[in-house]
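J.: Pasting the sequence and the predicted model now:
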Amino acid sequence: MTDRIIEREPNKPGRKEMSPLLKFALELGPLLVFFFANSRGDQLADAFPVLGQLGGPLFIATALFMAAMVVALAVSWSVTRTLPIMPLVSGLVVLVFGGLTLWLKDETFIKLKPTIVNALFAGVLLGGLLFGKSFLGYVFDQAFKLDDEGWRKLTFRWGLFFVFLAIVNIVVWQAADAYYGPGKIADDVWVDFKVWATMPITIVFMLFQFPLIKRHSLEPLGGQKDKS
């Protein structure tokens with residue numbers, strides 16, 4: 001492994017930046033659509049018979065989730081003329097696995113999506129470290145300025161966190177099926193976890209990384225660099 005960590009280059013001059021609020025809305029919006037469509041699937045099927053032809057609530061939610069992801073990516077492109085890596089990869093996997101779910105009438109594929117996406121990001125981050133590269137800035141569409149030790153530690157932590165998310169998705173899915181039996185209740189438990197637990201867990205994890213970022217930042221955040 002090389003000694004020097006290669007980091008993401010700063011954004012190109014003139015590139016339009018997306019406001020944090022809009023970025024958060026585009027990330028959370030499709031998940032809220034997914035949750036709402038799953039919880040109100042029967043009502044949506046009654047109001048729009050074409051949706052009822054897709055199958056149960058989870059299949060309706062999958063179709064609307066796919067549409068919401070496309071809209072979110074389109075808005076992102078219209079604002080910045082770029083597509084961030086994480087939403088792009090997630091969107092592509094949603095379209096592929098969501099399409100398989102609807103085509104084969106098998107919810108397994110959409111439930112596998114979080115595990116596939118998180119495993120991909122874990123592989124990219126941890127694999128990159130083996131070659132002395134940190135792809136963390138590319139994954140999150142941010143240009144950080146950290147020393148080499150900071151890059152290694154932060155990338156390694158995020159790689160392990162993605163592994164955790166990949167595993168916990170399978171655990172929640174299978175545990176719900178085992179406890180409630182495959183069906184609407186188990187689907188609701190999995191959807192609730194995906195929408196209402198994964199995001200808070202990720203935010204808490206991110207907050208715990210700020211001391212490391214501050215300690216290893218080459219551009220101190222809001223004050224003197226932490227020497228502890």
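T.: That came in fine, so what should we check first?
J.: Helices of this protein, residue ranges please.
T.: Using DSSP state H, the helices of the chain run over residues 20-39, 41-47, 49-52, 57-80, 85-104, 108-130, 136-139, 148-180, 184-196, 198-216.
J.: Out of these, indicate the one that is most buried.
T.: The highest mean neighbour count among the helices of the chain, using mean count of other Cβ atoms under 10 Å, belongs to helix 136-139: a mean of 21. The C-beta positions use only the backbone N, C-alpha and C, and glycine is treated the same way.
J.: which stretches of this structure aren't confidently modelled?
T.: For the chain, the stretches with pLDDT under 70 are 1-15, 141-144, 220-228.
J.: now with 90?
T.: Low-confidence segments of the chain (pLDDT under 90): 1-21, 23-24, 80-87, 131-151, 216-228.
J.: Contact partners for the residue lying closest to residue 185 once chain neighbours are set aside?
T.: Of all residues not flanking residue 185 in the chain, residue 176 sits nearest, at 7.7 Å (Cβ to Cβ, 6 or more residues apart in numbering). Counting by Cβ atoms under 8 Å, 6 or more residues apart in numbering, residue 176 touches 185, 186, 187, 189, 190.
J.: For residue 180, give its distance to residue 187.
T.: Using Cβ to Cβ, to the nearest Å, residue 180 is found at 9 Å from residue 187.
J.: Which two among the contacts of residue 176 are spaced furthest apart?
T.: Maximum pairwise distance among those (Cβ to Cβ): 9.9 Å, between 185 and 190.
J.: one step back: residue 97: which of the contacts of residue 176 is nearest?
T.: Of the contacts of residue 176, the one sitting nearest to residue 97 (Cβ to Cβ) turns out to be residue 190, at 14.2 Å.
J.: Next up, the contacts around the spatially closest residue to residue 107 that is not a sequence neighbour.
T.: Counting by Cβ to Cβ, 6+ apart, residue 107 lies nearest to residue 58, which is 5.3 Å off, once chain neighbours are set aside. Going by Cβ under 8 Å, 6+ apart, residue 58 touches 38, 41, 107, 110, 187, 191.
J.: farthest pair in those residues?
T.: Distance extremes for the contacts of residue 58: the farthest pair is 41 and 110 at 13.5 Å, using Cβ to Cβ.
J.: Which residues are in contact with the spatially closest residue to residue 94 that is not a sequence neighbour?
T.: Once flanking residues are discounted, residue 94 sits nearest to residue 69: 4.9 Å by Cβ to Cβ, 6+ apart. Neighbouring residues of residue 69 by Cβ under 8 Å, 6+ apart: 30, 87, 90, 91, 94, 95.
J.: All set now, cheers.
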